[in-house]
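A.B. asks: model the structure of this input:
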Amino acid sequence: MPTVIKKLDAGHYQLKDQVVSINRVTKVVKGGKNLSFAALVVVGDPTAAVVGYGSGKAKEVPQAIRKGIEAAKKNLMRVNLRQTTIPHSVLGRFGSGMVLLKPAPEGTGVIAGGAVRAVMTSAGVQNVLTKSIGTTNPHNVVKATFDALRKLKSRDAVAALRGKAVEEL
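C.D. replies: Model (predicted):
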């Protein structure tokens, strides 16, 4: 049974964008080399626990970032949180990249590397322990982090799956 993901409207949120990486890309053609820039951007509203990512490519950096932001706004998802942390440990995978997310007590902060930190702060997670395993490619790390965030379940969803009341968990 496939889950239907409701598309979130970017206009309802105060989205803040964060550039994760900018890469200079060259294409060799008959006349020489064509230079362009690729940008990986994460946008999110920490108060609403909404986050998305996108990549853009253009001849100049600002246009590449703008395209990345537009792509990220089309790719928004809501994150299941419990107060300021995540509800349970989870492992996200994409390609050869794996990201482990673990809940942390109040006051711990976001213990994460560059790409994972950008996603966590944009999503509004204030206390979390993370470990990035495998690749250091920012695109794959961001996608693995989003895979992990998609796997997070709320207490209500777990109770419904088990056929129990929330108090029984």
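A.B. asks: could you dump the helix or strand of the chain with the lowest mean pLDDT to PDB, C-alpha only?
C.D. replies: Counting by mean pLDDT, DSSP states H and E, the weakest-scoring helix or strand in the chain turns out to be helix 155-162, with a mean of 85. Listed in PDB are the C-alpha atoms of helix 155-162, where the atom choice follows Å, rounded to 0.1, in the frame of the first residue of the first chain:
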ATOM      1  CA  ARG A 155       3.800   7.900  18.600                       C
ATOM      2  CA  ASP A 156       0.300   7.900  17.200                       C
ATOM      3  CA  ALA A 157       1.400   6.200  14.000                       C
ATOM      4  CA  VAL A 158       3.300   3.500  15.900                       C
ATOM      5  CA  ALA A 159       0.300   2.900  18.200                       C
ATOM      6  CA  ALA A 160      -2.000   2.600  15.200                       C
ATOM      7  CA  LEU A 161       0.400   0.100  13.500                       C
ATOM      8  CA  ARG A 162       0.500  -2.100  16.600                       C
END
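A.B. asks: got a list of contacts for that helix?
C.D. replies: By Cβ atoms under 8 Å, 6 or more residues apart in numbering, the surrounding residues in contact with helix 155-162 are Asn80, Arg82, Pro87, Lys153, Ala165, Val166, Glu168, Leu169. All C-beta atoms are positioned from the backbone trio N, CA, C, and that covers glycine.
A.B. asks: pull out the buried residues from the residues you listed.
C.D. replies: Asn80, Pro87 (16 or more other Cβ atoms under 10 Å).
A.B. asks: what's the offset of the least confident helix or strand of the chain from the middle of its chain?
C.D. replies: In terms of Cα atoms, centre = their mean, to the nearest Å, the centre of helix 155-162 is found 24 Å from the chain centre.
A.B. asks: with stretch 75-95 instead?
C.D. replies: How far stretch 75-95 lies from its chain's middle: 9 Å, per Cα atoms, centre = their mean.
A.B. asks: go on, stretch 18-38?
C.D. replies: Per Cα atoms, centre = their mean, the displacement of stretch 18-38 from the mean C-alpha position of its chain is 24 Å.
A.B. asks: break down this structure into its helices, ranges please.
C.D. replies: With DSSP state H, the ranges of helices along the chain come out as 61-73, 114-123, 138-151, 155-162.
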